[in-house]
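Q: Predicted model and sequence below, questions to follow.
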Amino acid sequence: MSLEVIEVNGLATIQDSGRKGWRRFGVPKSGPMDLFAFRAANALAGNPSNFGVVEIGLGQITFRALQDCVIAVAGSGYKLAIYLWEFSLWNSFFVRGGWTIRFNKMDDGMWAYLAIAGGVQTRPVLGSRSTYLRGAFGGIKGRPLQAGDRLPTGKPLHALEQLAARTLPIEARPSYSDHPIIDIILGPQTKYFSDQSIETFLSSEYSISLTSDRMGYRLEGPALTHRSKTELLSEGITFGAIQVPASGQPIVMMADCPTTGGYPKIAAVTSADLSLLAQCVPNKSKIRFRETTIAKARKKYCKLMNSLESSILQPEQSEW
Amino acid sequence: MTFKTKIVPLGDAALLIQFGDEIDITINQGVHALAAILDASPIEGFIETVPAYGNLLLHYDPLILTYAKISKWVRAKLDQVEDAKLRRPRLIEVPVQYGGEYGVDLKFVANYHQLRVEDVIRLHSARTYTVYMMGFTPGFPYMGKLDDTIVTPRLETPRTHVPAGTVAIAGSQTGIYPIDSPGGWRLIGWTSLRLFDLEIESPSLFSPGDEVKFVAEK
């Protein structure tokens, strides 16, 4: 036990890289909304890329360190206050037992990740520590964190002094923006839409509805029209798939999305750009979509993910 | 059995192997046969598959696999589907209390088809159904096909709360709600079986491909 939740008025859940092998039974993958920031937090804390972290969204949260530890934070939409000092995300910190760690909400993003050296070690459910709120399992009793929760943590894999004061420079992060251009792969059901609708989708600006959550981001913008049928037989869907129900307003499937769906999918967001979309703010961010190819998308994703570890600056290299 | 299949991408980390786009037992058996073949000899970067009525969704890790490589691997495996012997399906009997507190739409379904309630019960429990696929919520089995005389459209506006264990029909499908959830299907009964239980080693009562028989309780 090295962290206690003191106060929370947002949505904080335990997440790791998600469940594998259960989607055929209708159990969602879950996992982080911003996979890159999740991995960055773990990397900065010296953890393997799949360790449990706290995902923080929608409001403030304050922790107290119960013992000396190293934490790392990444993501967007938050500033950090440790004891008396303010910091920005994308850094690791040595924290004395007794100090408070407060995440203050900013309006430039949605989700922050708090990793602790050694990882959050709650009991895995179906092979994962990820919290699945709708199914009420994973994390701590399948629910968001509450004041008084104590997070079980593992033994750090390195000496704390080797892990503290590391940073991931801005060049190595996704280009978060409040007016991002999001790469998509068209299909697989483009034939359900008129040519005009595909043109509209690729040339219009969309915002995100306030009714969005970890399951899906509802887009608001010009309506898309179906050629004839507005439903198909249910089939597998995935994080990033863009379903268009009869209303014509697209819904992007997010981390907690169901495993199957029955609306035609006009496109899917690329793995590299899911982080950009996840950090878009409802009623604020202006989004445009751009068609890309699978090969280009893969190249961008591999570059982003594979350079993460090597881009981390150690204290003597950074400004500390 | 020969299938005309098509492989199409869903984004850059999944692909669909399409067998057909109707509720058909032969098509669906092809989907399950391919899922079993892929699971039996996975390659690095293969994550998992999700069978549906007429296609199989395959999730893969694009950091490890290119689309060309994974689709080539799938195509090679598709050649084995024709000769594949399907596992003999498990038959699961599901006791149902038709009507009553949970089966609130049973009378509607009878009236809709100008049948007696007993006829609906008899027709629903006469057939052995196949679990074509699972989805919606953990443990939810999509089963079919219903006798044509009780095919009923879903609700126009879904209910916000359907209790766990409720047996329902929609179109030519029948299903059971495993956990309390919203739902737009017509509710005709209730079973005491637990469909999704994390306390046991195999939490899901059903697996895709299982056979199911409803048994009316007095």
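A: The structure has been received and is ready for your questions. Numbering: from 1, shown residues only, chains lettered A, B, ... in the order given.

Q: pLDDT (mean, whole number) over stretch A:206-221?
A: Model confidence over stretch A:206-221, given as mean pLDDT, is 96.

Q: Which positions in it come out as buried?
A: In terms of neighbour count (16 or more other C-beta atoms under 10 Å in any protein chain shown), stretch A:206-221 has its buried residues at A:206-208, A:212-221. Placement of C-beta: from N, CA and C, glycine included.

Q: Max pairwise distance over those: which two?
A: A:214 and A:221 (21.7 Å; C-beta to C-beta).

Q: what's next to whichever strand or helix holds residue B:49, contact-wise?
A: For residue B:49, the host element (DSSP states H and E) is strand B:46-51. Residues outside strand B:46-51 that contact it (C-beta atoms under 8 Å, 6 or more residues apart in numbering or on different chains) are A:20-24, A:236, A:259-260, B:28, B:31-32, B:34-35, B:38-39, B:56-61, B:65, B:70, B:73, B:132-133, B:135, B:208-209.

Q: switch to 6 Å and redo it
A: Strand B:46-51 has contacts (C-beta atoms under 6 Å, 6 or more residues apart in numbering or on different chains) with A:20-21, A:23-24, A:236, A:259, B:31-32, B:35, B:38, B:56-60, B:133, B:208.

Q: do stretch A:248-257 as well
A: Applying C-beta under 6 Å, 6+ apart, the external contacts of stretch A:248-257 come out as A:28, A:30-31, A:33, A:214-219, A:223-224, A:237, A:239, A:241-244.

Q: and the spatially closest residue to residue B:45 that is not a sequence neighbour, how many neighbours?
A: The spatial neighbour of residue B:45 that comes closest, neighbours along the chain excluded (C-beta to C-beta, 6 or more residues apart in numbering or on different chains), is residue B:64 at 3.1 Å. As a burial measure, residue B:64 scores 14 neighbours (other C-beta atoms under 10 Å in any protein chain shown).

Q: these two touch, right, residue B:64 and residue B:43?
A: No - under the criterion of C-beta atoms under 6 Å, residue B:64 is not in contact with residue B:43, lying 8.9 Å apart.

Q: who's in contact with the residue lying farthest from the centre of chain A?
A: The centre of chain A is farthest from one residue, residue A:228, which by C-alpha atoms, centre = their mean lies 35.0 Å away. With contacts defined as C-beta under 6 Å, 6+ apart, residue A:228 is in contact with no residue.

Q: who's residue A:72 bridged to?
A: With beta bridges defined as DSSP bridges, residue A:72 has these partners: residue A:92, residue A:115.

Q: Is there a neighbour count for it? I'd like the number.
A: Applying other C-beta under 10 Å, we find 29 other residues in the vicinity of residue A:72.

Q: how close does it sit to residue A:47?
A: The gap separating residue A:72 from residue A:47 is 8 Å, by C-beta to C-beta, to the nearest Å.

Q: which residues are in contact with both of the two?
A: Counting by C-beta under 6 Å, 6+ apart, the shared contacts of residue A:72 and residue A:47 are residue A:115.

Q: Which positions in chain A make contact with chain B?
A: Residues of chain A found near chain B (C-beta under 6 Å from any C-beta of the partner chain) are A:20-21, A:23-27, A:135, A:137, A:185, A:188, A:233-236, A:238, A:240, A:258-260, A:268, A:270-271, A:294, A:297-298, A:301-302, A:305.

Q: when you check the residues you listed against the helices, which ones overlap?
A: Counting by DSSP state H, the residues of chain A next to chain B place A:271, A:294, A:297, A:298, A:301, A:302, A:305 in helices.

Q: one step back: which residues sit against whatever helix or strand comes next after the strand holding residue B:49?
A: The helix or strand immediately downstream of strand B:46-51 is strand B:55-60, counting by DSSP H and E. Applying C-beta under 6 Å, 6+ apart, the contact partners of strand B:55-60 are A:235-236, B:14-19, B:31, B:34-35, B:45-50, B:70.

Q: what number of residues lie near whatever residue of the stretch 51-200 of chain A ends up closest to chain B?
A: Using C-beta to the nearest C-beta, the closest approach of the stretch 51-200 of chain A to chain B is made by residue A:188 at 4.4 Å. By the other C-beta under 10 Å criterion, the neighbourhood of residue A:188 contains 25 residues.

Q: Quick check: it touching residue B:6?
A: No - counting by C-beta under 6 Å, residue A:188 sits too far from residue B:6 to count as a contact (9.7 Å).

Q: that older thread, for the nearest residue to the residue of the stretch 51-200 of chain A closest to chain B once chain neighbours are set aside, give the beta-bridge partners.
A: With C-beta to C-beta, 6+ apart as the measure, residue B:8 is the residue that lies nearest to residue A:188, at 4.4 Å, once sequence neighbours are left out. Assessed by DSSP bridges, residue B:8 has beta-bridge partners residue B:16.

Q: I'd like to know how far residue B:8 sits from residue B:50.
A: In terms of C-beta to C-beta, residue B:8 sits 15 Å off from residue B:50.

Q: For the two, indicate the residue with more neighbours.
A: Applying other C-beta under 10 Å to residue B:8 and residue B:50 shows that residue B:50 carries more neighbours, namely 28 against 13.

Q: per-domain residue ranges of chain B.
A: Following automatic domain parsing, chain B resolves into domains at B:6-81, B:91-216.

Q: could those be laid out in JSON lines, adding distance to residue A:98 and mean pLDDT?
A: Rendered in JSON lines, the data for the domains of chain B read as follows (distance: least, C-beta to C-beta, whole Å; pLDDT from 0 to 100):
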{"stretch": "domain B:6-81", "distance to residue A:98": "40", "mean pLDDT": "96"}
{"stretch": "domain B:91-216", "distance to residue A:98": "37", "mean pLDDT": "96"}
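
Q: Including distance to residue A:251, could those go into a markdown table?
A: Formatted as a markdown table, these follow (distance: least, C-beta to C-beta, whole Å):
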| stretch | distance to residue A:251 |
| --- | --- |
| domain B:6-81 | 15 |
| domain B:91-216 | 15 |
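
Q: Residue A:143 is nearest to which of these?
A: The stretch from the domains of chain B with the least distance to residue A:143 (C-beta to C-beta) is domain B:91-216; that distance is 14.5 Å.

Q: ok, and does that closest one reach over to chain A?
A: Yes - remark: domain B:91-216 sits within contact range of chain A at B:134, B:135, B:136, B:137, B:138, B:139, B:140, B:198, B:204, B:208, by C-beta under 6 Å from any C-beta.

Q: got the contact list for the fifth one?
A: Contacts were defined as C-beta under 6 Å, 6+ apart; by that measure residue B:138 touches A:26, A:27, A:135, B:196.

Q: let's see it at 8 Å
A: For residue B:138, the contact set (C-beta under 8 Å, 6+ apart) comprises A:22, A:25, A:26, A:27, A:135, B:178, B:179, B:196, B:203, B:204.

Q: and those residues, which two are the farthest apart?
A: A:22 and B:179 (14.3 Å).

Q: Between those two, tell me which one has more neighbours.
A: Under the neighbour definition other C-beta under 10 Å, residue A:22 and residue B:179 were set side by side, and residue A:22 has more, 22 against 19.

Q: All the helices of chain B, in order from the start?
A: Secondary structure of chain B by DSSP H: the helices cover B:25-40, B:67-81, B:106-112, B:117-126.

Q: mind giving me JSON lines with these and columns for distance to residue A:113 and mean neighbour count?
A: Shown next, in JSON lines, are the helices of chain B (distance: least, C-beta to C-beta, whole Å; neighbours: other C-beta atoms under 10 Å in any protein chain shown):
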{"stretch": "helix B:25-40", "distance to residue A:113": "32", "mean neighbour count": "20"}
{"stretch": "helix B:67-81", "distance to residue A:113": "29", "mean neighbour count": "16"}
{"stretch": "helix B:106-112", "distance to residue A:113": "49", "mean neighbour count": "17"}
{"stretch": "helix B:117-126", "distance to residue A:113": "49", "mean neighbour count": "17"}
